[in-house]
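[1] pasting the structure only:
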């Protein structure tokens, strides 16, 4: 029986090739989109699940509720991990990880191996406790994971680093020197496996924290927060409840007394405002966008939900095509159904026959979809920023695909099968049953749904694009164009000022600044607490950034000085002076700031200037208070240029570099490119959204194209009669297209408020954002109407131009 069903189904597909091709193409596109997004979602939601005992590993997060909002951070004092490990039996292990570039050795370094004079720039350095290797059960290629970081001055490197520098040799016992410091060797004590792409840990070098103290008393000071703290809980511990207990105990027993001992003025309800909780390790990647310093390199669970929903919608749109086209072809198959019933076929066997056809189409479409997914996977990887592959080696992958193809075929074919099998044979064979375009209530609803989804995607794409353009082109308070960043300049040592002078003499260079505190992500940050002079133990402190810059920083970056003056390196008093931004003036309540003194942990600084606020973090965050201090933090030089011949200037800069640092490759970047990289995630979302919008419109238009063909075919005699009676070509065109355009207009009416709601919520994540204007909806509506009109016009014009004699000759 099933063999017969398949044979008939195959013949039916071949007989109606156009119908089959459109259905298979539409479903194939939807399946390809679903496959790609599914692989992406599986990758994103699998972060850290490979770690043994991952369900019991947590990161400690602190939270403080301000009037302006809630601030979350994962940075704690150096003694936090060991204290909670000894105070709470619920904790089996605790460990620290410190990757703050403010501290020597962390972040990026110029390194040398053994006696090799050549310097190499390397990134992804972090200080960790030995217990971090134990908590994450990090596998080792060489060395003993249980004691690799127990000794002072040891370092563990990744497998890829070992392969790059040591080929097939065992690097254990070799020595690494950081930043040319031959008096501070780090002995390689182990080689760890590379972290998988679905790990929130992304490091190549682990420096031991054994014996480390970055400044006197730092390891025992509760008020200095620079370390991430991880814990392993006993399996029987309720993490949510224990997190609250841990937070209240640590705050009241240690942190609050430490603040009081410092003489800090605190809010009266400090204990209610300050809290802690435990974040499951498997949640870190997708649930950290609200945590300070994490938003820029973590994904957002909301994006995952959006992508998954959109992919399902595209598949649903393709399934709608199948339903619409099957019901639209009802007139063509009505006699077949009538004859089958006359010769004895039951409704059940007819339903089985039609479901077999839909499943066959679905299976073929899945094959097409898999091919399309493989073809477009490299482009999708580029858009998503993740290297993905289809999981052919997973034993359940092929069975899931087969089951999904049958399920999609059954779901898409269910209504057409019930509808077609219900025809009365007497009415059909007597020609009294009128079908197709006149049974179009469901068809119209589904077309409206298709274009509603498509228009929402178009509006979303336009708004994301507009917000991204706003970010990249709006006034940000500093000049990023024509500024070159030179890296590794700390290797100049005491020659940095001489190198700066040499660069200043190059034609085309207008100014040079020494500072690695820049208004870009992944450059140095230093959060401090400030208060007005004389209010140290009275007023609540203001949290602000404290940056070290030189006297040419403001002019190089074009930061506007609103009041006072710039730093003067020849004035001894300027070594303790400060220049602050407008936000700092506001939060310290300074009415006439020039000449006032502000206190930073008891150190007084006279305010000599006020700069206009500029954005030094991404636009999802408000502009924070900021204080500049005259000093030297010299791993980056910023070079302001005025030249039309950039290649020649870069060559001259490289020549100077090689004179001063011959053993270190010349590295540079343009500041505007670095600024744009801060919004790579937004750019990727825009690309993916645009691609999905195009796919959705393509699928919807494919269905509309075929649907219009069937409806025009069924009204061909009506069109011919109208032409005989004198109807114009324009009138017939309008008659045939009017219904479709009304459907699209209805879709637009439904889509606009929904799109506005969704995109307004998306924009809430940005402190600085566009206003959604009517133009976006007008453009989206015009695009949807234009594409729909273009799609149905082909058949409408063809029908309007046909000779009535051809259609009516058999009447």
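    Happy to help now that I have it. All of these numbers come straight from a predicted model, not from anything done at the bench.
[2] Please tell me how far the closest residue to residue 252 other than its chain neighbours sits from residue 457.
    Closest residue to residue 252 apart from its sequence neighbours, by C-beta to C-beta, 6 or more residues apart in numbering: residue 271 at 6.5 Å. Every residue, glycine included, has its C-beta placed from N, CA and C. Distance, residue 271 to residue 457, by C-beta to C-beta, to the nearest Å: 48 Å.
[3] any idea of the pLDDT on the residue nearest to residue 252?
    Per-residue confidence (pLDDT) for residue 271: 79.
[4] before we move on, back to that, quick one: which of residue 271 and residue 457 has more around it?
    residue 457 (25 against 15; other C-beta atoms under 10 Å).
[5] Can I take it that the more buried one is in a strand?
    No. Per DSSP: H, G, I helix; E, B strand; the rest coil, residue 457 lies outside any strand segment and is helix.
[6] give the contact list for it.
    Residues near residue 457 by C-beta atoms under 8 Å, 6 or more residues apart in numbering: 310, 689, 692, 693, 696, 697.
[7] so how many other residues sit close to the closest residue to the third one other than its chain neighbours?
    Right, residue 692. Once flanking residues are discounted, residue 692 sits nearest to residue 310: 5.0 Å by C-beta to C-beta, 6+ apart. If you count neighbours by other C-beta under 10 Å, residue 310 ends up with 24.
[8] chain center to the helix or strand that residue 310 is a member of: distance?
    Using DSSP states H and E, residue 310 maps to helix 301-328. A distance of 23 Å separates the C-alpha centroid of helix 301-328 from that of its chain, computed with C-alpha atoms, centre = their mean, to the nearest Å.
[9] same question, stretch 262-274
    Put simply, stretch 262-274 sits 36 Å off its chain's centre (C-alpha atoms, centre = their mean).
[10] Buried residues of that stretch, list them for me.
    Within stretch 262-274, the residues that qualify as buried are 262, 264, 270, 274, counting by 16 or more other C-beta atoms under 10 Å.
[11] gap between the two ends of it?
    Stretch 262-274 has its terminal residues 18 Å apart, counting by C-alpha to C-alpha, to the nearest Å.
[12] which residues touch that stretch?
    Residues from elsewhere that reach stretch 262-274 (C-beta under 8 Å, 6+ apart): 62-66, 223, 247-248, 251-252, 255-256, 259-260, 529, 531, 535-541.
[13] pretty sure residue 127 is touching residue 213, no?
    No. With contact defined as C-beta atoms under 8 Å, residue 127 does not reach residue 213; the gap is 11.5 Å.
[14] Those two: who's more crowded?
    residue 127 (26 against 11).
[15] on that earlier part again, mind checking which of the buried residues of stretch 262-274 are in helices?
    Secondary structure from DSSP state H places 262, 270 of these in helices.
[16] Show me the two of the buried residues of stretch 262-274 that sit farthest apart.
    262 and 274 (15.2 Å; C-beta to C-beta).
[17] Phi, psi for residue 258 please.
    Residue 258 adopts backbone torsions of phi -70, psi -40, taken as degrees, to the nearest 10.
[18] What residues does it make contact with?
    Contacts here follow C-beta under 8 Å, 6+ apart; on that basis residue 258 touches 221, 222, 223.
[19] one more time with 6 Å
    222, 223 (C-beta atoms under 6 Å, 6 or more residues apart in numbering).
[20] and the gap between the most centrally placed residue in the chain and residue 311?
    Centroid check for the chain by C-alpha atoms, centre = their mean gives residue 681 as the closest residue, at 3.9 Å. Relative to residue 311, residue 681 is positioned 19 Å away (C-beta to C-beta).
[21] Same check on residue 604?
    For residue 604, the distance to residue 311 - C-beta to C-beta - is 59 Å.
[22] Repeat that for residue 568.
    With C-beta to C-beta as the criterion, residue 568 and residue 311 are 60 Å apart.
[23] Mind checking which of these two has more residues around it?
    residue 311 (23 against 13).
[24] so where's the stretch 1-150 of the chain shaky on pLDDT?
    For the stretch 1-150 of the chain, the stretches flagged by pLDDT under 70 are 1-16, 18, 67-68.
[25] Walking through the stretch 451-600 of the chain, point out its helices one by one.
    496-504, 553-557, 582-587 (DSSP state H, counting those that start in this stretch).
[26] Would you mind giving those helices as CSV with mean pLDDT added?
    CSV is the format used below for the helices of the stretch 451-600 of the chain (pLDDT from 0 to 100):
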stretch, mean pLDDT
helix 496-504, 93
helix 553-557, 95
helix 582-587, 93
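[27] Residue 377: which of those is closest?
    Smallest distance to residue 377 across the helices of the stretch 451-600 of the chain (C-beta to C-beta): 41.2 Å, for helix 553-557.
[28] list the helices and strands that closest one packs on?
    strand 509-514 (3 or more C-beta pairs under 6 Å, 6 or more residues apart in numbering; DSSP states H and E).
[29] what about the strand it packs on, distance to the chain center?
    34 Å.
[30] which parts of that strand are buried?
    Buried, per 16+ other C-beta under 10 Å, within strand 509-514: 509, 511, 512, 513, 514.
[31] What helices and strands are in contact with it?
    Short answer (3+ C-beta pairs under 6 Å, 6+ apart): strand 509-514 packs on helix 496-504, helix 553-557, strand 636-641.
[32] Tabulate the ones you listed (a markdown table), appending distance to residue 185.
    A markdown table is the format used below for those (distance: least, C-beta to C-beta, whole Å):
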| stretch | distance to residue 185 |
| --- | --- |
| helix 496-504 | 24 |
| helix 553-557 | 35 |
| strand 636-641 | 26 |
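[33] Can you say which of those is nearest to residue 202?
    Closest approach to residue 202 among the helices and strands packed on strand 509-514 (C-beta to C-beta): strand 636-641, 21.7 Å.
[34] that older thread, which one (most neighbours) among the contacts of residue 457?
    residue 696 (26 neighbours).
[35] residues contacting that one?
    314, 453, 454, 457.
[36] so how far is residue 763 from the closest residue to the third one other than its chain neighbours?
    Okay, so that is residue 454. Among residues not flanking residue 454 along the chain, residue 696 sits closest, at 4.4 Å (C-beta to C-beta, 6+ apart). Distance of residue 696 to residue 763, computed by C-beta to C-beta: 22 Å.
[37] ok, residue 489 - contacts?
    634, 637.
[38] what does residue 369 give?
    Per C-beta under 6 Å, 6+ apart, neighbours of residue 369: 28, 31, 32.
[39] what's the angle from whichever helix or strand the residue nearest to residue 454 is part of to helix 301-328?
    Assigned by DSSP H and E, residue 696 belongs to helix 680-714. Per axes from the mean of the first three to the mean of the last three C-alpha atoms, to 10 degrees, the angle that helix 680-714 makes with helix 301-328 is 10 degrees.
[40] can you give me the strands in the stretch 201-350 of the chain?
    For the stretch 201-350 of the chain, the strands defined by DSSP state E, counting those that start in this stretch cover 205-208, 227-233, 274-280.
[41] Return the distance of the last one from the chain's centre.
    From the chain centre to the centre of strand 274-280 is a distance of 24 Å (C-alpha atoms, centre = their mean).
[42] Repeat that for the shortest one.
    Remark: strand 205-208 is offset 28 Å from the chain centroid, using C-alpha atoms, centre = their mean.
[43] Pairing partners for that strand, with directions?
    strand 120-128 (parallel), strand 154-158 (antiparallel) (DSSP bridges).
[44] Quick check: the gap between residue 308 and residue 454.
    Counting by C-beta to C-beta, the gap from residue 308 to residue 454 is 18 Å.
[45] Give me the more crowded residue out of these two.
    residue 454 (31 against 16).
[46] quick one: contacts for the more buried one?
    696, 697, 700.
[47] Tell me the one of those residues nearest residue 735?
    Of all the contacts of residue 454, residue 735 sits closest to residue 700, with 22.3 Å by C-beta to C-beta.
[48] and the closest one, how many neighbours?
    Using other C-beta under 10 Å, residue 700 has 30 neighbouring residues.
[49] please renumber so the chain begins at 354
    In the new numbering, first residue 354, that becomes residue 1053.
[50] That one is in contact with residue 803, isn't it?
    Yes. Using C-beta atoms under 6 Å, residue 1053 is in contact with residue 803, at 4.2 Å.
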